[in-house]
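Visitor: Based on what follows, work out the 3D shape:
(chains A and B)
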2 protein chains.
Amino acid sequence: MTTTGRRGRRPGDSGTRAAILEAARSRFSTQGFRAATVRAIAGDAGVDPALVMHYFGTKQGLFVAAMEFPLDPAEVVPRLLAPGIDGLGERLVGFLLQVVDELGEANPMLGLVRSAVSHPEAARMMREFLGEAILDRVAEAVGETVGADRPRLRADLCASQIVGIIMARQILELPELAAADRATLVGAWGPTIQRYLTGSLAS
Amino acid sequence: MTTTGRRGRRPGDSGTRAAILEAARSRFSTQGFRAATVRAIAGDAGVDPALVMHYFGTKQGLFVAAMEFPLDPAEVVPRLLAPGIDGLGERLVGFLLQVVDELGEANPMLGLVRSAVSHPEAARMMREFLGEAILDRVAEAVGETVGADRPRLRADLCASQIVGIIMARQILELPELAAADRATLVGAWGPTIQRYLTGSLAS
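Guide: Numbers count the residues shown, from 1 in each chain, chains lettered A, B, ... in the order given. Just a heads-up that it's a prediction; the model follows:
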């Protein structure tokens, strides 16, 4: 609008970064994770796409920063997978509970869940981001390592329990889940995740 | 406001019923399920508490009607438990998927989940209603029938998977969960519920 007034100003790094994050939030929220391109976001922010990649590495990294996603899947997923598929269920639940307990009410994930529940576009954004950043990666690891059938279904089943953990413990605050110690919960939920990843899916 | 204009009108059953439901929604939403009394709701609606019980049977029945809860736990829980604890996990998941599929987008449960996620009072209301109407009943049956330890923790664990099923399939619409047939999902989720109810909780 008033580009004339801005022309002489040389925004510092933080101003440019903020403009990119703002453009990214807007594009991701309206177009979803997949359709929003780094090129379009860079255009909205008035910068070169290469600068976006310089700051954030990947589109996933840009999403993590823009939506304040509380962890970076590009770092976390390989770390949890590194010791192997055995025991992954318990490692994953233990890690999740640690993150959730540390963040408490300040967990930005709660805001993302709230948006997803109320706005179909936000749900699509989360579906596409979780799918590409986490679930496809987990599926790939499960498929390769154990040769399990239907790896992406397995990853989606894990997501169904993990979202339920956040809902039941953080949002509904069911009393026995809020009161139980972490070891009890890891013992209860861990084998569920492990079975979804590597066990028989028929009953 | 314009009570004068209404004075001559004798509201029929439906008017009285609507007034009770409106008063119930208001009390449940602000006070939670436990603290809202039938007496207070009847007072708000200007009727005798006995009339509320005549119409709705119990406070739970009043809640089901007022919040358009898509099933009546007083009817459903005993019916699912009747054939015994064996196979309850699969019966429960099968029933849940059937209800969810039939209701689709019109599922009033989605509205309740949306409220619970955004408003702590709505979350408390759901926690108290689900606890009293469903989870305590399931815990009692599990404790009595199989003498399982920590029956209410087991019921809460079931809730964590069930809420996750609704979230992942209906709200996030994860692709493989949306695409899988019901038998596959019952085979995947049923044993999880069954283990939470009767299995070992340590890994």
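Visitor: Contacts only, for A:Arg124.
Guide: Neighbour list for A:Arg124: A:Gly32 [criterion: Cβ atoms under 8 Å, 6 or more residues apart in numbering or on different chains]. No exception for glycine: its C-beta is placed from N, CA and C like everyone else's.
Visitor: Model confidence score at it, please.
Guide: We note a pLDDT of 94 for A:Arg124 in this prediction.
Visitor: Give me the distance from the host helix or strand of it to the chain's centre.
Guide: Following DSSP states H and E, one finds A:Arg124 within helix A:120-130. Here the centre of helix A:120-130 is set off from its chain's centre by 10 Å, with Cα atoms, centre = their mean, to the nearest Å.
Visitor: The helix or strand just after that helix: which residues count as buried?
Guide: Next along the chain after helix A:120-130, taking DSSP H and E as the criterion, comes helix A:136-146. Buried residues in helix A:136-146, counting neighbours by 16 or more other Cβ atoms under 10 Å in any protein chain shown, are found at A:137-139, A:141-143, A:145-146.
Visitor: touching chain B at all, helix A:136-146?
Guide: No - Helix A:136-146 stays clear of chain B (Cβ under 8 Å from any Cβ of the partner chain), getting no nearer than 8.9 Å.
Visitor: Quick one: work out the angle between the helix or strand following that helix and helix B:151-166.
Guide: Sequence-wise, the next helix or strand downstream of helix A:136-146 (DSSP H and E) is helix A:151-166. Helix A:151-166 and helix B:151-166 are oriented at 130 degrees to each other (axes from the mean of the first three to the mean of the last three Cα atoms, to 10 degrees).
Visitor: give me every residue that touches A:Leu71.
Guide: A:Leu71 neighbours (Cβ under 8 Å, 6+ apart): A:64, A:99.
Visitor: rerun that using 10 Å as the cut-off
Guide: Contact partners of A:Leu71, counting by Cβ atoms under 10 Å, 6 or more residues apart in numbering or on different chains, are A:64, A:77, A:95-96, A:99, A:103, A:109, A:134.
Visitor: Quick check: the farthest pair among those?
Guide: Across the contacts of A:Leu71, the longest distance by Cβ to Cβ is 18.6 Å; it joins A:Val77 and A:Leu103.
Visitor: how many neighbours does the closest residue to chain B within chain A have?
Guide: Closest contact between chain A and chain B, by Cβ to the nearest Cβ, is at A:Gly164 (2.3 Å). Neighbourhood size, A:Gly164 [other Cβ atoms under 10 Å in any protein chain shown]: 25.
Visitor: Right, I'll call it a day here.
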